[in-house]
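Q: No letters, just coordinates:
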């Protein structure tokens, strides 16, 4: 691969798209762009990864949701 200084515009765009598809994703809850390695795996209603701030909010809301559900008998 050539150094970035030797690439033309089309090649730079191609490399950026490749990097983005491998290393970044969009949080489906808040639409914030995050790095894949910083995403948190979520296995509630859907399988997928979310940002750490949305994960923390869900963890805080979970006990409240458990308390508000009626007991099943």
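A: Okay, I see it. This is a predicted model, so every value here is computed, not measured.
Q: any weak-confidence spans in the protein?
A: The model of the chain has pLDDT under 70 over residues 1, 43-47, 62-73.
Q: Repeat the analysis, applying 50 as the threshold.
A: 66 (pLDDT under 50).
Q: For it, which segments count as strands?
A: Applying DSSP state E to the chain gives strands spanning 24-26, 33-35, 40-43, 47-50.
Q: Tabulate those strands (CSV), appending mean neighbour count and distance to residue 18.
A: For every residue, glycine as well, the C-beta is placed using N, CA and C. Shown next, in CSV, are the strands of the chain (neighbours: other CB atoms under 10 Å; distance: least, CB to CB, whole Å):
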stretch, mean neighbour count, distance to residue 18
strand 24-26, 15, 11
strand 33-35, 13, 15
strand 40-43, 12, 24
strand 47-50, 15, 20
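Q: Tell me which of the ones you listed sits nearest to residue 16.
A: Taking CB to CB, strand 24-26 is the member of the strands of the chain nearest to residue 16, at 10.3 Å.
Q: Which neighbours in the sheet does that closest one have, and how are they oriented?
A: strand 33-35 (antiparallel) (DSSP bridges).
Q: returning to that earlier point: how about the strands of the chain in a markdown table, adding distance to residue 16?
A: Output for these, formatted as a markdown table (distance: least, CB to CB, whole Å):
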| stretch | distance to residue 16 |
| --- | --- |
| strand 24-26 | 10 |
| strand 33-35 | 13 |
| strand 40-43 | 25 |
| strand 47-50 | 21 |
